[in-house]
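Enquirer: structural data only, the sequence is not supplied:
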Ligand code: ASP
């Protein structure tokens, strides 16, 4: 029987870094050298692996939408030639990349497993080896037609993942969505939670440099700050509100800034600062006031998913009204529609 084939896009991140006098930095060649010496990759249960090292390797805090497009394009071009894909990535913006890939890879039929590590593979005690081996096995054998995050023993839907720890080995979770699998003594995949493949043919729906932003509310937030953020050329704002989507609407200048921007066509998406639960704009007089001025619900989306979804929708060239409609629909499993609640 032929071994499954896995393509690895190595984009950078701590997993392949080395220590320097200025702290950890990407080290071209270091990861590949270490992989060649790993007997695990020769194991009969492992897939055949092809690793492509990106130039330049990036600390993921330097990633931009063009980097997401490059990864997505690599996958689309090789989709039929491999059984699955692994993206090795820095943990800092990994959840943004996983979310963006889920929107860009319309009609995906193979697993795309995004992973990285908190400690480089070259260090004695590291989480890189386990994360890498798990990601390769899932990419090679699971046939899950989704963008996934595999990290620290958890398998998560990519567009539900958030980085929850800056130094723990269990750095990612999806607090608002059940895990898709556990990678403990056995690999247990929760097949009933996997989304079926889209019936449309595979297509790359690239994102561009849409002008989007996020603003976290805090008690006393100044309406002038909000007004400045909403100025042209901003197209979309993820407003991180309290609880079920609440905001200080008794401040007329604050509500007025939202109303004026929404009337100009800025798409304002309300997401919750809570890690669990969902936005429900019907619940309070305050939340209804937001809806009345044109703010739309982000339901239970992560900030990462909401921002990348806006980038994706604006790139399609849809009108603000259409973006408002689509941002509230479940496109890739990134939100739970109200009736599934
Ligand atoms: N700064 C690193 C990065 O995101 C952190 C990591 O990979 O853990 O590239």
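Expert: Yes, it's here. These numbers come from a predicted model, not from an experiment. Numbers count the residues shown, from 1 in each chain.
Enquirer: and for the residue in the chain positioned nearest to the ligand, the neighbour number?
Expert: When C-beta to the nearest ligand atom is the measure, the chain has its nearest residue to the ligand at residue 90, with 1.9 Å between them. The C-beta positions use only the backbone N, C-alpha and C, and glycine is treated the same way. Other residues within reach of residue 90, judged by other C-beta atoms under 10 Å, total 24.
Enquirer: next one: residue 82
Expert: When neighbours are counted by other C-beta under 10 Å, residue 82 comes out with 22.
Enquirer: contacting residues for residue 243?
Expert: 272-274, 277 (C-beta atoms under 8 Å, 6 or more residues apart in numbering).
Enquirer: one more: residue 142?
Expert: By C-beta under 8 Å, 6+ apart, the contact set of residue 142 is 84, 111, 189.
Enquirer: now, which of these lie within strands?
Expert: 84, 189 (DSSP state E).
Enquirer: give me the three-state assignment for the residue nearest to the spatial centre of the chain.
Expert: Central residue of the chain (C-alpha atoms, centre = their mean): residue 99, 2.7 Å from the mean position. Assigned by DSSP: H, G, I helix; E, B strand; the rest coil, the conformation of residue 99 is helix.
Enquirer: my read is that it contacts residue 158, right?
Expert: Yes: under the criterion of C-beta atoms under 8 Å, residue 99 lies in contact with residue 158, with a separation of 6.3 Å.
Enquirer: name the residues that touch whichever strand or helix holds residue 150?
Expert: Of the helices and strands defined by DSSP states H and E, residue 150 is found in strand 147-151. Under the contact criterion C-beta under 8 Å, 6+ apart, strand 147-151 has outside partners 91, 94-95, 98, 101-102, 105, 108, 111-116, 131, 134-135, 138, 155-159, 161, 170-172, 174, 180, 183, 332.
Enquirer: returning to that earlier point: just the contacts of residue 243: which are in strands?
Expert: With strands defined by DSSP E, the entries of those inside them are residue 272.
Enquirer: hmm, which of the contacts of residue 243 is lowest in pLDDT?
Expert: Across the set of those, residue 277 stands lowest in pLDDT, at 93.
Enquirer: quick one, what contacts that one?
Expert: The contact partners of residue 277, by C-beta under 8 Å, 6+ apart, come to 176, 243-244, 300.
Enquirer: what do you get if the cut-off is 10 Å, keeping everything else the same?
Expert: With contact set as C-beta atoms under 10 Å, 6 or more residues apart in numbering, residue 277 has these partners: 175-176, 243-245, 300.
Enquirer: could you do residue 115 as well?
Expert: Shown here is residue 115, whose contacts under the criterion C-beta under 10 Å, 6+ apart are 8, 13, 15, 86-89, 91, 94, 98, 127-128, 130-132, 134-136, 138-139, 148-152, 172.
Enquirer: name the nearest residue to it, sequence neighbours excluded.
Expert: Spatially, and ignoring its direct neighbours in sequence, residue 115 is nearest to residue 135 (4.2 Å; C-beta to C-beta, 6 or more residues apart in numbering).
Enquirer: what about the helix or strand harbouring that neighbour and the ligand, touching?
Expert: If you go by DSSP H and E, residue 135 is part of helix 128-141. No: contact of helix 128-141 with the ligand (C-beta under 6 Å from any ligand atom) is absent, the minimum separation being 9.7 Å.
Enquirer: buried residues of that helix, list them for me.
Expert: Residues of helix 128-141 classed as buried by neighbour count (16 or more other C-beta atoms under 10 Å): 128, 130-141.
Enquirer: endpoints of stretch 147-155, how far apart?
Expert: Start-to-end span of stretch 147-155 (C-alpha to C-alpha, to the nearest Å) is 10 Å.
Enquirer: the ligand contacts on this structure?
Expert: 12-14, 59-61, 90-92, 116, 118.
Enquirer: try 5 Å this time
Expert: Where the chain comes near the ligand, counting by C-beta under 5 Å from any ligand atom, the residues are 13-14, 59-60, 90-92, 116.
Enquirer: now render the residues you listed as a markdown table, adding pLDDT and distance to residue 22.
Expert: As requested, the residues of the chain next to the ligand are exported to a markdown table (pLDDT from 0 to 100; distance: C-beta to C-beta, whole Å):
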| residue | pLDDT | distance to residue 22 |
| --- | --- | --- |
| 13 | 98 | 17 |
| 14 | 97 | 15 |
| 59 | 97 | 12 |
| 60 | 98 | 17 |
| 90 | 98 | 16 |
| 91 | 98 | 19 |
| 92 | 98 | 17 |
| 116 | 98 | 20 |
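Enquirer: the longest strand belonging to the chain versus helix 128-141: what angle between them?
Expert: Counting residues, the longest strand found in the chain (DSSP E) is strand 48-58. The directions of strand 48-58 and helix 128-141 differ by 130 degrees, with axes from the mean of the first three to the mean of the last three C-alpha atoms, to 10 degrees as the criterion.
Enquirer: partners of strand 48-58, with directions?
Expert: Within its sheet, strand 48-58 is paired with strand 5-12 (parallel), according to DSSP bridges.
Enquirer: what residues of the strand it pairs with count as buried?
Expert: Residues of strand 5-12 classed as buried by neighbour count (16+ other C-beta under 10 Å): 5-12.
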